[in-house]
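> Sequence and predicted structure, then a few things I'm wondering about:
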Amino acid sequence: VSLPPGFAERCAAVVGPDHVLGARAELEPYATDFWRHTRGEAALVLRPRDTAEVAAVVALAAGHRVPLVPQAGNTGLVGGGVPDASGGQVVLSLARLDRVRAVDPAGDALVAEAGCTLASVQAAAEAADRLFPLSLGSEGTCRIGGNLAANAGGINVIRYGMARDLCLGLEVVLADGRVWNGLRTLRKDNTGYDLKQLFLGSEGTLGVVTAASLRLFPRPRERATLFLGVDSPATAVELLGRARGRFGELVSAFELIVATCVEAAVEHVPGVRFPLAEKAPWYVLAEVAWSLPEGLEAAADAWLEAALEDGLILDATRAQSEAQRAMLWRMREGISEAATRLGAIARHDVAVPVARIPELVERGAAVLREVAPDAYLIPFGHVGDGNLHFNVVLPRDTADLPAVRQRLQTAVFDLVGGLGGSISAEHGIGRAKRAELHARKPALDLELMGRLKAALDPEGILNPGVIV
Ligand code: ZN
């Protein structure tokens, strides 16, 4: 596949020749996803530096009917930010749009460009004595435009919601190259359809997010970070209920981790030690936080004591310093990578109603015995959101691994569907789950999604092959 004659030159006139990449070695990192599961072929990579340049190259692509793949930090897990294998798609990198345009502490808002790393947005909020609560393992590398386009989740969703809930407004380059300015910071704006919601979670298929206004929150001044050993997911769900009963909205994170994953992190993540005296089959990493300077740690200790007395916790610790707290979170965030040492991983980012988490784990084990008897489950994730990373370790020498992964995925998704759950909790659809989406979504849902796509991107140049 070759690009229309003159297209690359016209783009170079817009973004500068240094920011049109065409050599094979330069294209490779933009064409491969984080876990190296999806290897595409990029025809070209364009690196505009501001919204006007993005608009100009999208207009050029629309005129030439060149398909574009918007890409921010390229940390996505479903192949939504990498080109397909055709060699005809052009990657539109937003990485150089990396300015924080405004911080408004009085309005609890900031405006950041799409290429700002999540960590830099968090830092800008902190510099204004505010919190931007979106937090996930890749926060040093992922970029806010991608977080919003994919509606990222992470560890603080239980308290603050998904990326979608943290967004007050967007600036979007439409498929014809026009710029839609929806960059408002108002909390109240009931003037018709909420257009920004169309682009949040659309994975670059309806428009290219170039900037966003984001919600800020009061910064927590005291935190209690707890690490608990428990006997089962059912007990973890019970403890979640008790924690919310005692601390209400202050529960900021509530993670469930199977023992195998904690052991893998202790072994493979530098600086992580096992924090308890006693081992347990499951662990909970929970955090409560508030803006007052003291009182919460004592309340957390009393809560822990009562749960220990009632026999719900096998062993427990509360982080005694910021360093210990950081270590516990490094353990949690290191799990995905550490688990790759255990074998070949099959990943399933699924959600079920919180009360059905124990049933998901039990019935998932039965599914596994049937579909892949040599495999074992290593679930971990955001039990407070009903979202588990329901991952499976397969022997590395499994014959026809892609086919086994496929059979497993179908069986897990069938189970999740039966429990009233979702086949993608926080990672999106991308290219990887498109077929499953189309096989499982009701026909009317798919029809409405197709109509939105046709209305906003009639030529189909934005991220073809993703979602719709
Ligand atoms: Zn997660």
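Noted; the coordinates are in hand.
> Could you list the low-pLDDT ranges of this protein?
Counting by pLDDT under 70, the ranges of the chain that qualify are 1.
> Would you point out which residue is most central in it?
Central residue of the chain (C-alpha atoms, centre = their mean): residue 152, 3.6 Å from the mean position.
> Can you give me every residue that contacts the nearest residue to residue 62 once chain neighbours are set aside?
The spatial neighbour of residue 62 that comes closest, neighbours along the chain excluded (C-beta to C-beta, 6 or more residues apart in numbering), is residue 176 at 5.3 Å. Yep, even glycine has a C-beta here, placed from its N, CA and C like the rest. Contacts of residue 176 were listed using C-beta atoms under 8 Å, 6 or more residues apart in numbering, and they are 58, 59, 62.
> So which of the residues you listed sit within helices?
58, 59, 62 (DSSP state H).
> Show me which of these is closest to residue 220.
residue 58 (40.0 Å; C-beta to C-beta).
> so the closest one makes contact with residue 179?
No. In this structure, residue 58 is not within contact of residue 179 by C-beta atoms under 8 Å, at 9.4 Å.
> More neighbours: the two, which one.
Counted by other C-beta atoms under 10 Å, residue 58 and residue 179 do not tie: residue 58 has more neighbours, with 28 against 17.
> Please report how far that one lies from residue 463.
12 Å (C-beta to C-beta, to the nearest Å).
> need the contact list for the residue nearest to the centre of the chain.
Residue 152 neighbours (C-beta under 8 Å, 6+ apart): 134, 136, 142, 146, 162, 163, 426.
> how much space between it and residue 166?
Taken as C-beta to C-beta, the span from residue 152 to residue 166 is 10 Å.
> Return every residue with contacts to both of the two.
Common neighbours of residue 152 and residue 166 (C-beta under 8 Å, 6+ apart) are residue 134.
> if we can go back for a sec, nearest to residue 69 among the ones in helices among the contacts of residue 176?
residue 58 (12.0 Å).
> excluding its backbone neighbours, what's nearest that closest one?
residue 177 (4.5 Å).
> Go ahead and report the secondary structure state at that neighbour.
coil (DSSP: H, G, I helix; E, B strand; the rest coil).
> Could you do residue 303 as well?
Relying on three-state DSSP, one would call residue 303 helix.
> Also residue 449?
Residue 449 - assigned by three-state DSSP - is helix.
> Confirm for me that it is in contact with residue 467.
Yes. Taking C-beta under 8 Å as the definition, residue 449 is a contact partner of residue 467 at 7.2 Å.
> Let me know how buried the residue nearest to residue 58 is, in neighbour terms.
The burial count for residue 177: 17, using other C-beta under 10 Å.
> residues in contact with it?
Residue 177 touches 55, 56, 58, 59, 60, 62, counting by C-beta under 8 Å, 6+ apart.
> Could you identify which of those has the most neighbours?
Neighbour-wise, the contacts of residue 177 (other C-beta under 10 Å) top out at residue 58, 28 neighbours.
> ok so, going back, which residues are in contact with both of residue 58 and residue 463?
residue 68.
> Quickly list what residue 255 is bridged to.
Beta-bridge pairing for residue 255 (DSSP bridges): residue 285.
> I'd like to know how far it sits from residue 197.
Taking C-beta to C-beta, one finds residue 255 at 28 Å from residue 197.
> So those two - more neighbours on which side?
Neighbours were counted for residue 255 and for residue 197 using other C-beta under 10 Å; residue 255 has more, 23 against 13.
> And residue 338, how far from residue 405?
Distance from residue 338 to residue 405, by C-beta to C-beta: 20 Å.
> What of residue 146?
Residue 146 is 25 Å from residue 405, by C-beta to C-beta.
> picking that back up, comparing residue 449 and residue 467, which residue is more hemmed in?
residue 467 (22 against 18).
> wait, doesn't that one sit right on residue 429?
Yes. With contact defined as C-beta under 8 Å, residue 467 reaches residue 429; the gap is 4.8 Å.
> Mind listing the shared neighbours of those two?
Shared contacts of residue 467 and residue 429 (C-beta under 8 Å, 6+ apart): 80, 203, 437.
> Most neighbours out of those, which is it?
residue 80 (30 neighbours).
> Which residue comes closest to it once chain neighbours are left out?
That would be residue 430: by C-beta to C-beta, 6+ apart, it lies 3.2 Å from residue 80.
> Also residue 211?
Nearest to residue 211 is residue 171, by C-beta to C-beta, 6+ apart, at 4.1 Å.
> give the contact list for that neighbour.
Taking C-beta under 8 Å, 6+ apart, we find residue 171 in contact with 51, 179, 180, 181, 182, 183, 209, 210, 211, 212.
> I'd like the next helix or strand past the helix or strand harbouring it.
In this structure, residue 171 is located in strand 167-173 according to DSSP states H and E. As assigned by DSSP H and E, the chain's next helix or strand after strand 167-173 is strand 179-182.
> In that following strand, which residues are buried?
The neighbour-count check on strand 179-182 (16 or more other C-beta atoms under 10 Å) flags 179, 180, 182 as buried.
> Mind putting the residues you listed into CSV with distance to residue 327?
Below are those laid out as CSV (distance: C-beta to C-beta, whole Å):
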residue, distance to residue 327
179, 45
180, 44
182, 41
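> And the residues you listed, which is closest to residue 235?
Checking the buried residues of strand 179-182 one by one against residue 235 (C-beta to C-beta), the nearest turns out to be residue 182, at 45.0 Å.
> show me the residues around the closest one that make contact.
Per C-beta under 8 Å, 6+ apart, neighbours of residue 182: 169, 170, 171, 172, 195, 196.
> Go ahead and confirm the first one touches residue 187.
No. Under the contact definition of C-beta under 8 Å, residue 169 does not touch residue 187, with a separation of 10.9 Å.
> Many thanks, I have nothing further to ask.
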